[in-house]
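*Asks:* Show me how the following folds:
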Amino acid sequence: MRILLLTPGTGSFLCGSCTRDNSLGAALERGGHESVMVPLYLPFELEEGMGAGEGHQAVGKTDVRMGGINVFLLQKARWWRHLPRFVHDWLDSPALLRWASTRGNMTDPSGLGEMTISMLMGEEGRQAQELEKLSAWLRTQPAPDVILLSNAMLIGLARRLRMDLGVPMVCTLQGEQPFLDALKPEDSYRAWSILKDRAREVDGFIAVSHFTGELMRKRLGLDPARVHVVQNGIDLEGFEPAPEAPSTPTIGFLARMCSDKGLPALVDAFMRLVDRGTVPGVRLVIVGVQLSEDVPGIRELETRLIAAGIRDRVSFHPNVTRAEKIELLQSFSLLSVPADYGESFGLYLLEAMACEVPVVQPRHGGFPELLEATGGGLLYDPAQADGLVLNLEELLLDEEQRAELGRRGREAVRGAFSSDRMAAEVAAVCARVSSPQI
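*Replies:* Numbering: from 1, shown residues only. So this is what the prediction gives:
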């Protein structure tokens, strides 16, 4: 099959969804399919060395469509659509879009309600001419068998593209609910209502976890037969256990350095663990994406660590390369990312377990099913005040248990959570949707 992946880029920082989609596209190619990954809004920023393969069309091979600057200005000024085409084309320059991606807060839902609603409205929204340009360009390309939308926030594209191209539409479900619920109440209500209505334009949905599939099925009123669960997988290349266990007990964090991912909660737990004195010399290593809007929160955490006299036990490693990430993972005794919302999956857990590093996670969101499937860590009750501290302490003090959980996790990830397995299952869903008799 020829599968077209429409994926929003970030322009300047690594994104789990982009990484997942690129791994998926590369694995589809290895499986004998043709995949084309088209960046929307901003250029892709992806990890190097992911073994994408020569056939996979992704980074640098496709211009950005529905450029983010034009999308933003169409929202803010109705007259913008009347400007000459060359002005719009100039603003779609990848270099300019990358620069623009560093100038503002793109991740704060509080100011994105009207834009979100307009984009969900598709051909009825303020960005209708950008959707028309996307459709016109796609009509010049070899026809795909299926169009795969990276997430439900792109569902506004489905009606027009399906009408113009006459191909089935499949939409991935991966973490939309926390963003939509964080909009202003009136914007959130309207966005969910539009999304529920527009979901009828989609032939099938692929949820990255059973948790996400069931949650979105209920929120959108979807027929269970239209929702297919395909758990995420990763490109396993390079993820290997450390030659020997860390000499110093080390708690690792690997995610965006923000409160939503639970970084303040982990720092609190680390400080309490140090106060307990049960794990001598314990350290905390914080790795992941750091955006400009994350810096004030990090500075506040550093101030607290300095006041407690333990700043030298904590290290921050922002915006690392893939090779650096793997090296840091191998230095962890365990990993914990105590996200305080219903995380849909957590690719970072697979990456840690692939390096034989056990994990400690809260019992909510997609974490329980992933830990049940892998056996690679411990779950704690987030409502219990010392739940995280006690689980960290238990695992750091029990070398035999750490080794056993690490071994189980690695075996499970290598056996059932590869990007090749994910791609085979996604392709099967696409084939079923494009040929319902299958």
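
*Asks:* show me where pLDDT drops low in this structure?
*Replies:* Within the chain, the set of residues satisfying pLDDT under 70 comprises 12-13, 48-62, 104-110, 436-438.

*Asks:* Using the record, which stretches count as separate domains in it?
*Replies:* When the chain is parsed with automatic domain parsing, its domains come out as 2-235+419-434, 250-416.

*Asks:* wait, which of those domains is closest to residue 243?
*Replies:* Among the domains of the chain, the nearest to residue 243 by CB to CB is domain 250-416 (8.2 Å). For the C-beta atoms, the positions are set from N, CA and C on the backbone; glycine is no exception.

*Asks:* How far does the closest one sit from its chain's centre?
*Replies:* 17 Å (CA atoms, centre = their mean, to the nearest Å).

*Asks:* how about the nearest residue to residue 138, chain neighbours excluded?
*Replies:* Closest residue in space to residue 138, ignoring its immediate chain neighbours: residue 165 at 6.1 Å, by CB to CB, 6 or more residues apart in numbering.

*Asks:* how far away is residue 361 from residue 23?
*Replies:* In this view, residue 361 and residue 23 are 22 Å apart by CB to CB, to the nearest Å.

*Asks:* residue ranges for the helices of the stretch 301-438 of the chain, please.
*Replies:* 322-329, 347-354, 367-374, 387-397, 399-416, 419-434 (DSSP state H, counting those that start in this stretch).

*Asks:* tell me the angle of the last one relative to helix 399-416?
*Replies:* Going back to what we said before, that points to helix 419-434. Orientation check (axes from the mean of the first three to the mean of the last three CA atoms, to 10 degrees): helix 419-434 against helix 399-416 gives 40 degrees.

*Asks:* what's helix 419-434 in contact with?
*Replies:* Residues external to helix 419-434 that are found in contact with it (CB atoms under 8 Å, 6 or more residues apart in numbering): 1, 3, 23-24, 26-28, 30-31, 33, 145-146, 148, 167-168, 170, 203-204, 206, 228, 230-236, 438.

*Asks:* redo that, cut-off 6 Å
*Replies:* For helix 419-434, the external contacting residues (CB atoms under 6 Å, 6 or more residues apart in numbering) are 3, 23-24, 27-28, 31, 33, 145-146, 168, 170, 203-204, 206, 228, 230, 233-235, 438.

*Asks:* for it, the distance to its chain's centre please.
*Replies:* Worked out by CA atoms, centre = their mean, helix 419-434 lies 19 Å from the chain centre.

*Asks:* Restrict it to CA atoms and write it as CSV.
*Replies:* The C-alpha trace of helix 419-434 is given here as CSV (Å, rounded to 0.1, in the frame of the first residue of the first chain):
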residue,chain,number,x,y,z
SER,A,419,8.4,-0.4,15.4
ASP,A,420,8.2,-3.2,12.9
ARG,A,421,5.4,-4.9,14.9
MET,A,422,3.6,-1.5,15.2
ALA,A,423,3.9,-0.9,11.5
ALA,A,424,2.6,-4.4,10.6
GLU,A,425,-0.5,-3.8,12.8
VAL,A,426,-1.1,-0.3,11.4
ALA,A,427,-0.8,-1.6,7.9
ALA,A,428,-3.4,-4.3,8.7
VAL,A,429,-5.8,-1.7,9.9
CYS,A,430,-5.2,0.4,6.8
ALA,A,431,-5.8,-2.6,4.6
ARG,A,432,-9.1,-3.4,6.4
VAL,A,433,-10.3,0.1,6.1
SER,A,434,-9.4,0.5,2.4
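
*Asks:* Quick check: buried residues in that helix?
*Replies:* Buried residues in helix 419-434, counted by 16 or more other CB atoms under 10 Å: 419-427, 429-430, 432-434.

*Asks:* Also the fifth one?
*Replies:* Applying a neighbour-count criterion of 16+ other CB under 10 Å, one finds 402, 405-410, 412-413 buried in helix 399-416.

*Asks:* the inter-axis angle of that helix versus helix 367-374?
*Replies:* Using the same axes, to 10 degrees, the inter-axis angle of helix 399-416 relative to helix 367-374 is 90 degrees.

*Asks:* Show residues contacting helix 399-416.
*Replies:* Residues from elsewhere that reach helix 399-416, judged by CB under 6 Å, 6+ apart: 350, 353-354, 356-358, 374-377, 395.

*Asks:* filter those residues to the buried ones?
*Replies:* The neighbour count (16+ other CB under 10 Å) marks 350, 353-354, 356-358, 374, 376-377, 395 as buried among those.

*Asks:* for the stretch 251-400 of the chain, what spans make up the strands?
*Replies:* Remark: strands assigned in the stretch 251-400 of the chain by DSSP state E, counting those that start in this stretch are 283-288, 314-318, 334-335, 359-362, 377-380.

*Asks:* And those: which comes nearest residue 251?
*Replies:* Judged by CB to CB, the one of those that comes nearest to residue 251 is strand 283-288, at 5.0 Å.
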